[in-house]
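In: Sharing a sequence plus its predicted fold:
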Amino acid sequence: MMQAHLIVATALAAACRLAAQTPPSDPPRNMGGMAGMHHAVAATATRTALEEIDRVAKDLADLATPGAAAGAGYHPALGWIPTMGVHWVDSDRMIKLVQTDRLNPSQLMFSRIAGKDSLVGAAYAYYTSSHDSAPPTLFDGRPAWHDHPDLAPPGMNLVMLHVWFVPSPDGPFAGTNPNLPFWALGLAVPDAHRMHDPAFSMRVRRAALALAEVADTTSIFPNLESQPRVRPVLAARRDSIRAIIPLFRAADRTKNHEQWDGAAARAAAQWDAIYAAYLASARTPTVRQQLERYVSMLLGQHHE
């Protein structure tokens, strides 16, 4: 029922093989100056690693539109994942294990920023047997790859590394980036320094998923929308979320942190209600567990 979104990593390589071969029309050029902005939060990366990331971002500048990515052999797999963007995958690069070359990532990550489909990062992925205790060292400091043992074929493991070219509150190697839904709606992102406060951070992440519900209504569980327990909740809650967006913009204009926090809290509460409806729609404990694990991943609570 929801495998296309729940089995994210496994479907990436297969989905790209089924993607349409006609490249999409080029959207406006990528937002200038995005490369290097990850320096704002660099707690999880060394200076050398940041320089290496900048090198990758500059090397991939010619692939900064979906049209250019398609021309280079990448194809979109699944859709927009709210805190990851759209994975554009080159299955040949995955099969040939070119993840050992950081200038040849197997995946490009796009997300909408200021109305443009922008290259926000790259990902490296490969299949291996069981747990890979020694993944490739692509960047200085040996950033942690994350495992998807239950998202790979039986007896295999999918190992991935995300690299963000845009600011991420969890650093440039984080599995998820809660800034993406804010950018998708043209909003300023949360204060990165305040994201070190666990309570503030989780409230922002829940608010981000609420914003994702209106930025792209097909982004989380589109196949649950028609269910009687979900449809009326989504309609009402999404209207409420749209009404909160101007509050974020007003708080950004006036630099009113209290007003911004209030908007974030209201958005987070809307997400809580939507999430409760999604969980109530689960017909079996297994499906409910899948929903919980997927949302937990989107929130950055774990990535496996």
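Out: Thanks, I have the structure now.

In: wait, residue 124 sits on residue 108?
Out: No: contact between residue 124 and residue 108 fails when scored by Cβ atoms under 8 Å: they sit 11.0 Å apart. Every C-beta, even on glycine, is put in place using the N, C-alpha and C of the backbone.

In: pLDDT (mean, whole number) over stretch 263-273?
Out: Taken as a whole, stretch 263-273 has a mean pLDDT of 98.

In: And it, how far out from the chain middle?
Out: Distance of stretch 263-273 from its chain centroid, counting by Cα atoms, centre = their mean, to the nearest Å, is 20 Å.

In: could we number from 375 for the rest of this?
Out: Sure thing, new numbering starts at 375, so read that last one as stretch 637-647.

In: Alpha carbons of it, as PDB, please.
Out: This file holds the C-alpha atoms of stretch 637-647, laid out as PDB (Å, rounded to 0.1, in the frame of the first residue of the first chain):
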ATOM      1  CA  ALA A 637       3.900  29.900  14.700                       C
ATOM      2  CA  ALA A 638       6.200  26.800  15.000                       C
ATOM      3  CA  ALA A 639       4.300  25.500  17.900                       C
ATOM      4  CA  ARG A 640       1.000  25.900  16.100                       C
ATOM      5  CA  ALA A 641       2.400  24.200  13.000                       C
ATOM      6  CA  ALA A 642       3.800  21.300  15.100                       C
ATOM      7  CA  ALA A 643       0.400  20.800  16.700                       C
ATOM      8  CA  GLN A 644      -1.200  20.600  13.300                       C
ATOM      9  CA  TRP A 645       1.300  17.900  12.300                       C
ATOM     10  CA  ASP A 646       0.600  16.000  15.500                       C
ATOM     11  CA  ALA A 647      -3.100  15.800  14.600                       C
END
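
In: Now it: buried residues?
Out: 637, 638, 640, 641, 642, 643, 644, 645 (16 or more other Cβ atoms under 10 Å).

In: Let me have those residues in JSON lines, extended by distance to residue 669.
Out: What follows is those, written out as JSON lines (distance: Cβ to Cβ, whole Å):
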{"residue": "637", "distance to residue 669": "21"}
{"residue": "638", "distance to residue 669": "18"}
{"residue": "640", "distance to residue 669": "19"}
{"residue": "641", "distance to residue 669": "15"}
{"residue": "642", "distance to residue 669": "13"}
{"residue": "643", "distance to residue 669": "16"}
{"residue": "644", "distance to residue 669": "14"}
{"residue": "645", "distance to residue 669": "9"}
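
In: so residue 531 is in which element?
Out: With secondary structure defined by DSSP states H and E, residue 531 is part of strand 530-538.

In: what mean pLDDT does that strand have?
Out: On average, strand 530-538 scores 88.

In: Buried residues, the next helix or strand after it. List them.
Out: Later in the chain than strand 530-538, the nearest helix or strand by DSSP H and E is helix 553-558. By 16+ other Cβ under 10 Å, the buried positions in helix 553-558 come out as 553, 554, 555, 556, 557, 558.

In: in a helix, that's where residue 494 is, yeah?
Out: No: assigned with DSSP: H, G, I helix; E, B strand; the rest coil, residue 494 falls outside any helix and is strand.

In: helices or strands next to the host helix or strand of residue 467 in the packing?
Out: Here residue 467, judged by DSSP H and E, is contained in helix 465-469. Helices and strands touching helix 465-469, as assessed by 3 or more Cβ pairs under 8 Å, 6 or more residues apart in numbering; DSSP states H and E, comprise helix 382-392, strand 490-503.

In: List the neighbouring strands of the last one plus their orientation.
Out: Meaning strand 490-503. If you go by DSSP bridges, strand 490-503 pairs up with strand 481-487 (antiparallel), strand 530-538 (antiparallel).

In: Residue 609 - how many residues pack around it?
Out: 10 (other Cβ atoms under 10 Å).
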